[in-house]
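K.L.:
Using only what follows, build the 3D model:
(2 chains)
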Number of protein chains: 2
Amino acid sequence: MKRRLLLVSNSTLHGGGYLDHLKSRGMLFVPYALHDRDAYTKTARNKFQTLGYEVDSLHEAEDPVRAVRKAEGIFIGGGNTFRLLKSLYDSKVVMEIRKRVMEDGVPYMGSSAGTNVATISISTTNDMPIVYPPTFAAIGLVPFNINPHYLDHDSSSRHMGETREQRITQYHEEADTPSVLGLREGSMLLVEGNKATLLGTTKARLFTRGKQTVEYDPGSDLSFLLTDAH
Amino acid sequence: MKRRLLLVSNSTLHGGGYLDHLKSRGMLFVPYALHDRDAYTKTARNKFQTLGYEVDSLHEAEDPVRAVRKAEGIFIGGGNTFRLLKSLYDSKVVMEIRKRVMEDGVPYMGSSAGTNVATISISTTNDMPIVYPPTFAAIGLVPFNINPHYLDHDSSSRHMGETREQRITQYHEEADTPSVLGLREGSMLLVEGNKATLLGTTKARLFTRGKQTVEYDPGSDLSFLLTDAH
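P.N.:
Numbers count the residues shown, from 1 in each chain, chains lettered A, B, ... in the order given. Model (predicted):
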């Protein structure tokens, strides 16, 4: 298993300082999560160039599958997760990205929605279902779910909508649902083969069906999440 | 058009004082949005009995479609909107509820998720996609979308996730998306035939594709939302 992933809770910038872990100089950028793909690509390209990376965009490729086949690295940016997943299926790159990352060791970086689609499914996204994807199953680079932008309950709030924890608990009321790693803003998960390490500046909260939730500090080894039991 | 709807932003209690508008004494309760249907029905039954209503629950009916056919009123409670919509399709009652409300004038009350499924689609729910429904199209008692529990942006927050307004704006970046009525907690929409009135204690915010957003006070006539142009 050659995978090398950097799954970031929030925006690109927070992952920027950790990009060396990916050991790649070129990046194929996937701007599908935002409506204005040109503008999004321009922003990402400028940002990555200051970090020393060359960026191609998938939406500029004549043949998206071929672009994935020759990518040296893949970066999927944030936005709306439903729009992103539907576009990935529409352009038929889901299986190709999976193959490139899992079999060929092409480094993968995701931020926010790009982190959601890297996991087993998008069932723990915070986004609105603005378009209908053909399935909620995602690229499946890891066998569990992540909730990016994880938020603790604000006990001073009078808002009656469900807390993030209640929403994840509802997910675990459904049959056979895997663990959910709540990545607070500022934290990210580095996966190298069968090793997973929490990086960044904030703790992460792990929700497992039928168990107590557990908090993990930055630096924690979370490799157990990569086994099928999770 | 005989429809008579009370579409509430948040919990049942807030709609309780307005139930007289529905002119019904019996209610068929739909507890599908929560996992524990027995417990949810017990809570709803107790609450409605104090208000003078008799409650049957759809999950206790041997034949759900027949139960809808003989209902004097329908109340769909809140919880997870994806779970609710999938269960409505699984039990084959979507078209029957629509027919009963639109053609037979059976009063309908929805709270939160029960308000989402009463509209054209669930595309503006706040909930997590914990299960995959066969479509996002919903019962369609009104031709626009509602965002329940609508939240204003807290400018003191450092959270980087999208604001509610940004999420609705993303919906309107997609083709042919109808207006979205942001119902803050404490507000509700009363629909009587082709007349729609905002009730409750808070303003509502209307988002229309390509137009400025507009705030409406309680008591406002929103009947224009019922025409096809919205």
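
K.L.:
near chain B, which residues of chain A show up?
P.N.:
Residues of chain A lying close to chain B (CB under 8 Å from any CB of the partner chain) are A:10-11, A:35, A:79-80, A:82-83, A:112, A:122-132, A:135-136, A:149, A:151, A:159-162, A:167-168, A:170-171, A:173-174, A:177, A:185. In this view, the C-beta of every residue, glycine as well, is placed from N, C-alpha and C.

K.L.:
These in strands, which ones?
P.N.:
If you go by DSSP state E, those have A:His149 in strands.

K.L.:
Distance of the residue sitting furthest away from the middle of chain A relative to A:Arg4?
P.N.:
Each residue of chain A has a distance to the centre, and by CA atoms, centre = their mean the biggest one is for A:Arg158: 30.9 Å. Taking CB to CB, to the nearest Å as the measure, A:Arg158 falls 45 Å from A:Arg4.

K.L.:
Which members of the residues of chain A next to chain B are classed as buried?
P.N.:
A:10, A:35, A:79-80, A:82-83, A:112, A:122-132, A:136, A:149, A:151, A:160-162, A:167-168, A:170-171, A:177, A:185 (16 or more other CB atoms under 10 Å in any protein chain shown).

K.L.:
which residues are in contact with stretch A:136-145?
P.N.:
Identification of contacts with stretch A:136-145 by CB atoms under 8 Å, 6 or more residues apart in numbering or on different chains yields A:3, A:5, A:7, A:85, A:88, A:94, A:97-98, A:101-102, A:108, A:116-124, A:171, A:177-181, A:191, A:196, A:225-228, A:230, B:129, B:132.

K.L.:
so where's the longest helix in chain A?
P.N.:
Longest helix in chain A by number of residues (criterion: DSSP state H): helix A:37-50.

K.L.:
Which neighbouring elements make contact with that helix?
P.N.:
Counting contacts by 3 or more CB pairs under 8 Å, 6 or more residues apart in numbering or on different chains; DSSP states H and E, helix A:37-50 packs against helix A:12-16, strand A:26-30, strand A:54-57.

K.L.:
change it to 6 Å
P.N.:
Under the contact definition 3 or more CB pairs under 6 Å, 6 or more residues apart in numbering or on different chains; DSSP states H and E, helix A:37-50 sits against strand A:54-57.

K.L.:
Buried residues in the strand it packs on, which are they?
P.N.:
Residues A:Val55, A:Asp56, A:Ser57 are the ones in strand A:54-57 that count as buried (16+ other CB under 10 Å).

K.L.:
List the pairing partners of it within its sheet, with orientation.
P.N.:
Under the criterion DSSP bridges, strand A:54-57 sits next to strand A:26-30 (parallel) in its sheet.

K.L.:
from the chain's centre, how far out does the strand it pairs with sit?
P.N.:
Here the centre of strand A:26-30 is set off from its chain's centre by 15 Å, with CA atoms, centre = their mean, to the nearest Å.

K.L.:
ditto for stretch A:8-22
P.N.:
Put simply, stretch A:8-22 sits 11 Å off its chain's centre (CA atoms, centre = their mean).

K.L.:
quick one: average confidence on that stretch?
P.N.:
Taken as a whole, stretch A:8-22 carries a mean pLDDT of 80.

K.L.:
Repeat that for stretch A:99-108.
P.N.:
In this model, stretch A:99-108 carries a mean pLDDT of 96.

K.L.:
on that earlier part again, what about the contacts of stretch A:136-145, which are in strands?
P.N.:
Using DSSP E, these in strands are A:Leu5, A:Leu7, A:Tyr108, A:Val180, A:Leu181, A:Val191, A:Ala196.

K.L.:
Tell me who's in contact with the second one.
P.N.:
If I follow you right, that is A:Leu7. Residues in contact with A:Leu7 (CB atoms under 6 Å, 6 or more residues apart in numbering or on different chains) are A:Gly110, A:Thr115, A:Ala118, A:Leu189.

K.L.:
which one of these sits closest to chain B?
P.N.:
A:Thr115 (12.5 Å; CB to the nearest CB).

K.L.:
wait, what's in contact with the spatially most central residue of chain A?
P.N.:
Centroid-nearest residue in chain A: A:Thr115, 0.6 Å away (criterion: CA atoms, centre = their mean). Residues near A:Thr115 by CB under 6 Å, 6+ apart: A:Leu7, A:Ile146, A:Pro148.

K.L.:
Hmm, A:Gly182 and A:Arg205 touching each other?
P.N.:
Yes: counting by CB atoms under 6 Å, A:Arg205 does reach A:Gly182; the two are 4.0 Å apart.

K.L.:
more crowded one of these two?
P.N.:
Remark: of A:Arg205 and A:Gly182, A:Gly182 carries more neighbours, 26 against 21, as counted by other CB atoms under 10 Å in any protein chain shown.

K.L.:
ok, the more buried one touching A:Asn147?
P.N.:
Yes: the pair A:Gly182 / A:Asn147 is scored as a contact, 4.7 Å apart, by CB under 6 Å.

K.L.:
how about low-confidence regions in chain A?
P.N.:
A:13-14, A:228-230 (pLDDT under 70).

K.L.:
before we move on, the earlier item: select from the buried ones among the residues of chain A next to chain B every entry located in helices.
P.N.:
Mapping these onto helices (DSSP H) picks out A:Phe82, A:Arg83, A:Arg167, A:Ile168, A:Gln170, A:Tyr171.

K.L.:
Can you tell me which of these is closest to A:Glu72?
P.N.:
Distances from A:Glu72 to those, taken as CB to CB, are shortest for A:Arg83 (25.8 Å).

K.L.:
For B:Ser123, see how far away the closest one is.
P.N.:
Taking CB to CB as the measure, A:Arg83 falls 11 Å from B:Ser123.

K.L.:
do the same with A:Gly15
P.N.:
Distance from A:Gly15 to B:Ser123, counting by CB to CB: 30 Å.

K.L.:
Can you report how many residues lie near the residue nearest to A:Gly210 when sequence neighbours are not counted?
P.N.:
Spatially, and ignoring its direct neighbours in sequence, A:Gly210 is nearest to A:His172 (7.6 Å; CB to CB, 6 or more residues apart in numbering or on different chains). The local packing of A:His172 (other CB under 10 Å) involves 18 other residues.

K.L.:
re earlier: in TSV, list the contacts of A:Thr115 along with distance to B:Tyr216.
P.N.:
As requested, the contacts of A:Thr115 are exported to TSV (distance: CB to CB, whole Å):
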residue	distance to B:Tyr216
A:Leu7	42
A:Ile146	38
A:Pro148	34
